[in-house]
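Colleague: Generate a structure from the sequence data that follows.
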Amino acid sequence: MSQPFFQRLSRRQRGWVAEQLRDETVGGGLLLLAAAIALLWANSPWADSYATLVDLEVGPASVGLNLSLGAWAADGLLSVFFLVVGLELKHELVVGSLSKPSRAAVPIAAALGGMVVPALLFAAVNSTMADGELAGWGIPMATDIAFALAVLAVIGRRLPVALRAFLLTLAVVDDLGAISVIAVFYSTHLELAWLSLAIICFVGYAIAQRRRVRSAWLYVPLALLAWYAMHESGVHATVTGVVLGLLTRVRPDA
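Modeller: Numbering: from 1, shown residues only. Here you go, the predicted structure:
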């Protein structure tokens, strides 16, 4: 009898794999490695195959979700990432190193400075150029939180927990601020009805959390509907992940 190509892992091997997947250093390293491979691939003689893969559309067209793989990664997978980030941030704000308002104010102020100063520098430089374009002032405001946390996980494993919480809060507030700026100043097709539906879903989620409902049959459909409504509203769907994370209880009395 022939041996199966993929043999079942032993309990010890499964435990090792699970431990590696939980290790933030491994996750951050994989993200940086994947980014490096994508950059090399996109700038190689096989760049056309990369573009074809990224632009490949999958999903139900009947509900407007026949998105490219690139869009699914940016709007779908990143929403899950932002949900985890939102949960971690909520934990730090409620029971962690940022539970005191005075401590939380510092990274929030730093994030606001990280948004305002780059925008002012962009405007100052472009206003002195003959062919300068001020319309792009919102571009330098955003922070790539995924890469920021990946680098932090790889090179900052021994950093104090308070410093990680500071950088996490700074990155999240900066990203939310940049997304808000894009939604207000750059969105030409904002659907208020869909946005209202997303807000209703958030309110329902918050009420269920407050009443300590523990049914995944309620939360999963509610989260998916909130994500879909946010996506259809014209606002970046990753906001859904952050909001749901911040609305989730991290302790019984939170």
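Colleague: Report the contact partners of the residue nearest to the spatial centre of the chain.
Modeller: By Cα atoms, centre = their mean, the chain has its centre lying nearest to Phe82, at 3.3 Å. Neighbouring residues of Phe82 by Cβ atoms under 8 Å, 6 or more residues apart in numbering: Ile145, Thr238, Val239, Thr240, Gly241, Val242, Gly245. Where you see a C-beta, it was placed from the backbone N, CA and C, and this is true even at glycine.
Colleague: for it, helix, strand, or coil?
Modeller: helix (DSSP: H, G, I helix; E, B strand; the rest coil).
Colleague: so how far is Leu152 from Val161?
Modeller: If you measure Val161 against Leu152 using Cβ to Cβ, to the nearest Å, the figure is 12 Å.
Colleague: The two - which one has more neighbours?
Modeller: Neighbour count, other Cβ atoms under 10 Å: between Val161 and Leu152, Leu152 has more, with 18 against 10.
Colleague: what sits against the nearest residue to that one once chain neighbours are set aside?
Modeller: For Leu152, ignoring the flanking residues on the chain, the nearest one in space by Cβ to Cβ, 6 or more residues apart in numbering is Leu167 at 6.0 Å. By Cβ under 8 Å, 6+ apart, the residues touching Leu167 are Pro107, Ala148, Leu149, Leu152.
Colleague: In PyMOL, select just the buried ones from the residues you listed.
Modeller: Selection command for PyMOL covering only the buried members of the contacts of Leu167, criterion 16 or more other Cβ atoms under 10 Å:
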select buried, resi 107+148+149+152
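Colleague: ok, of the contacts of Leu167, which one's closest to Tyr186?
Modeller: Closest approach to Tyr186 among the contacts of Leu167 (Cβ to Cβ): Ala148, at 22.5 Å.
Colleague: rewinding a little: could you report the separation of the residue nearest to the centre of the chain from Leu168?
Modeller: 12 Å.
Colleague: cool, Gly234 as well?
Modeller: 27 Å.
Colleague: More neighbours: which of the two?
Modeller: Leu168 (21 against 16).
Colleague: Next, count neighbours for Cys128.
Modeller: In this structure residue 128 is Thr, not Cys. Thr128, neighbours per other Cβ under 10 Å, totals 8.
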